[in-house]
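K.L.:
A predicted structure for the sequence below; I have some questions about it.
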Amino acid sequence: MEFWLERGFDLAMSEKALNENESTYNESTYTDAEARQILETLFLIEDFFRYGVRCEHKISLETSSSAIPSTWDRKAHLEALETQVSQCTACGLWQSRSQTVFGEGVLDPKVMVIGEGPGMEEDRQGLPFVGASGQLLDKMLAAIDLSRHNNCYIANIVKCRPPNNREPSPSECDACIGYLRAQIDILQPDFILCVGRIAAHSLLRLSDPISRLRGRSFDFQGIPVCVTFHPSALLRDTALKRPAWEDLKQFRSLMECRALTESRATKKVK
Ligand code: URA
């Protein structure tokens, strides 16, 4: 709902109206066929605004009051979005790409790691962080028990390689950021780790130097976000490895702290 309102979607369907629809359905005013039709239409509208393409949805009428958010098929949504990204020509970067680099990782990530944009090896393989800096990133994540194979999803601000590995320009970041926002929306990670200034600036709409972004926790749509150095900066300047390790330890503490608070809250409810 917040998504629609955010985009000025003023179909005569306020939060109250939606809730009324839910309670009306619970009182069985609608037949199953009508309820299914309503849900299909809502999904269609949502898909159109969110991704511009139609996605597959499993509609379960037994849980219709919570069906809208909870039956999202993350895989189908991601695949539809990836197809859209692969055809994107929104900025000039498409002209020199071999292929787009959408992202890689698990579908229920504890952490979403966000980098800047693909380099040469990523452009060749179609996967994020697979070159030298990717190998270092994997080691950094492993040091705090994270991995793209178990509990992380890795994506970039821009999905096409900037020529000669230059930084993506602000207009290229702006042209692409909607895809990343959609990925976050679909995957709903518990935490976000931005590696490098470009990722943090573009996602958080900030312009502070990285020295002022590290060691803090930001919020992106309710998701805690931390910032550390880009692994390629560590490869260039090994003196940054120690402060990067401090950032990772701090990020791990934040995750542990949240887990503890949540387990206490669950115990209290029981
Ligand atoms: N650097 C990035 O920021 N992202 C990649 O995928 C590879 C290198």
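P.N.:
Arrived safely, thanks for sending.
K.L.:
ok, residue 93 touching residue 166?
P.N.:
No. With contact defined as C-beta atoms under 8 Å, residue 93 does not reach residue 166; the gap is 10.4 Å. Backbone N, C-alpha and C define where each C-beta goes, glycine included.
K.L.:
More neighbours: those two, which one.
P.N.:
Counted by other C-beta atoms under 10 Å, residue 93 and residue 166 do not tie: residue 93 has more neighbours, with 23 against 10.
K.L.:
Now the residue in the chain that the ligand sits nearest to: closest residue in space that isn't a chain neighbour?
P.N.:
For the chain and the ligand, the shortest gap (C-beta to the nearest ligand atom) falls at residue 115, measuring 2.9 Å. Among residues not flanking residue 115 along the chain, residue 156 sits closest, at 4.7 Å (C-beta to C-beta, 6 or more residues apart in numbering).
K.L.:
is it true that the one you found touches residue 128?
P.N.:
Yes. Using C-beta under 8 Å, residue 156 is in contact with residue 128, at 5.6 Å.
K.L.:
who touches both of these two?
P.N.:
The contact sets of residue 156 and residue 128 overlap at 101, 103, 115, 118 (C-beta atoms under 8 Å, 6 or more residues apart in numbering).
K.L.:
Pretty sure residue 112 sits in a helix.
P.N.:
No. Assessed with DSSP: H, G, I helix; E, B strand; the rest coil, residue 112 is strand; it does not lie in a helix.
K.L.:
any idea how far residue 193 is from residue 42?
P.N.:
Distance, residue 193 to residue 42, using C-beta to C-beta, to the nearest Å: 33 Å.
K.L.:
Looking at these two, which is more packed in?
P.N.:
When neighbours are counted by other C-beta under 10 Å, residue 193 comes out ahead of the other of residue 193 and residue 42, with 28 against 18.
K.L.:
For the nearest residue to that one once chain neighbours are set aside, grab the count of nearby residues.
P.N.:
Leaving out its chain neighbours, the residue that sits closest to residue 193 by C-beta to C-beta, 6+ apart is residue 113, at 5.0 Å. Residue 113 has 27 neighbouring residues, counting by other C-beta under 10 Å.
K.L.:
For the remainder of this discussion, apply numbering that starts at 42.
P.N.:
Sure, I'll start counting at 42 from here, so that last one is residue 154.
K.L.:
from what I can see residue 154 touches residue 178, true?
P.N.:
Yes. The criterion here is C-beta under 8 Å, and residue 154 meets it with residue 178 at 7.2 Å.
K.L.:
how about the residues of the chain near the ligand?
P.N.:
Within the chain, the positions adjacent to the ligand are 156, 157, 158, 159, 160, 163, 169, 170, 172, 174, 175, 197 by C-beta under 6 Å from any ligand atom.
K.L.:
show me the contacts for the third one.
P.N.:
When contacts are counted by C-beta under 8 Å, 6+ apart, residue 158 touches 142, 197, 198, 199, 200, 201, 202, 203, 209, 239.
K.L.:
Recalculate using a threshold of 10 Å.
P.N.:
Residues in contact with residue 158 (C-beta atoms under 10 Å, 6 or more residues apart in numbering) are 134, 142, 164, 169, 197-203, 206-209, 213-214, 217, 237, 239-240.
K.L.:
From those, list the buried ones, please.
P.N.:
134, 142, 164, 169, 197-203, 209, 213-214, 217, 237, 239-240 (16 or more other C-beta atoms under 10 Å).
K.L.:
Return the subset of these lying in strands.
P.N.:
Per DSSP state E, strands hold the following members of the buried ones among the contacts of residue 158: residue 197.
K.L.:
Tell me where the model's unsure across this protein.
P.N.:
Along the chain, segments meeting pLDDT under 70 span 42-72, 75, 87-113, 310-311.
K.L.:
let's see 90
P.N.:
Residue ranges of the chain with pLDDT under 90: 42-114, 299-311.
K.L.:
Which stretches in it count as helices?
P.N.:
For the chain, applying DSSP state H gives helices covering 43-47, 56-67, 73-91, 105-111, 115-127, 161-166, 173-183, 211-228, 238-245, 251-254, 272-277, 282-310.
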